[in-house]
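# Build me a model from this:
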Amino acid sequence: DADMVKKTLGIAHEKFAKYKDMATYLGSKKVTADSLIQYYNEVFPNTSRTDTPKPVAKVEDLSRNAKLCYDALDVQPGAEYAQGTWWQALNSVTYVTDHVQGRNADNRLHSQWFGQNQARKVKAAEKAVEFATTA
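All right, here's what the predicted structure looks like:
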């Protein structure tokens with residue numbers, strides 16, 4: 001059905017345009033050390049077995065996965081693009097969720113597309129825009 005194909009391609013084009021706008025926006029907003037720590041904490045909360053949330057004020061307080069993102073910030077593929085911006089912060093989260101977490105490649109792929117990491121990347125993008133807006 002040619003009309004359905006055109007409609008589908010149009011939707012994809014619109015989504016790519018929105019993604020490009022978000023990437024451009026995030027790449028124009030500088031991140032601070034404190035806001036980066038808070039961002040990672042919101043994307044990968046430091047949960048504990050107690051009812052009282054553990055305050056997060058420094059890198060050492062972050063969860064294991066949040067620390068992985070922090071450590072990947074400057075070494076992830078493409079880290080040289082938009083250094084020190086929210087775009088780089090978001091990409092550290094997507095890098096860790098897509099290439100580091102999980103027991104094997106099949107497990108990572110399933111989680112990226114359908115599982116918890118797919119939802120986490122959406123949350124990470126939303127939070128990056130939120131933090132960038134207040135920057």
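
# List phi and psi for the closest residue to residue 111 other than its chain neighbours.
The shortest distance from residue 111 to any non-neighbouring residue, by C-beta to C-beta, 6 or more residues apart in numbering, is to residue 117 (4.2 Å). Quick note: C-beta positions are derived from backbone N, CA and C, even for glycine. When read as degrees, to the nearest 10, the backbone of residue 117 gives phi -70, psi -30.

# What distance do you get for residue 117 to residue 101?
7 Å (C-beta to C-beta, to the nearest Å).

# what's the neighbour count on residue 102?
Neighbourhood size, residue 102 [other C-beta atoms under 10 Å]: 17.

# Quickly find the element holding the closest residue to it other than its chain neighbours.
In space, residue 102 comes closest to residue 108 once its chain neighbours are excluded; the distance is 3.7 Å by C-beta to C-beta, 6+ apart. According to DSSP states H and E, residue 108 maps onto helix 105-113.

# What are the contacting residues of that helix?
97-99, 101-102, 117-118, 121 (C-beta atoms under 8 Å, 6 or more residues apart in numbering).

# and the two most separated of those?
Pairwise distances across the contacts of helix 105-113 (C-beta to C-beta) peak at 14.5 Å, for the pair 99 and 118.

# Give me the pLDDT value at residue 106.
Here the pLDDT value assigned to residue 106 is 79.

# picking that back up, top of the contacts of helix 105-113 by number of neighbours, please.
Neighbour max across those (other C-beta under 10 Å) = residue 97, 25 neighbours.

# since we're on the residue nearest to residue 102, how many residues are nearby?
18.

# now swap in residue 29 and tell me
Residue 29 has 19 nearby residues by other C-beta under 10 Å.
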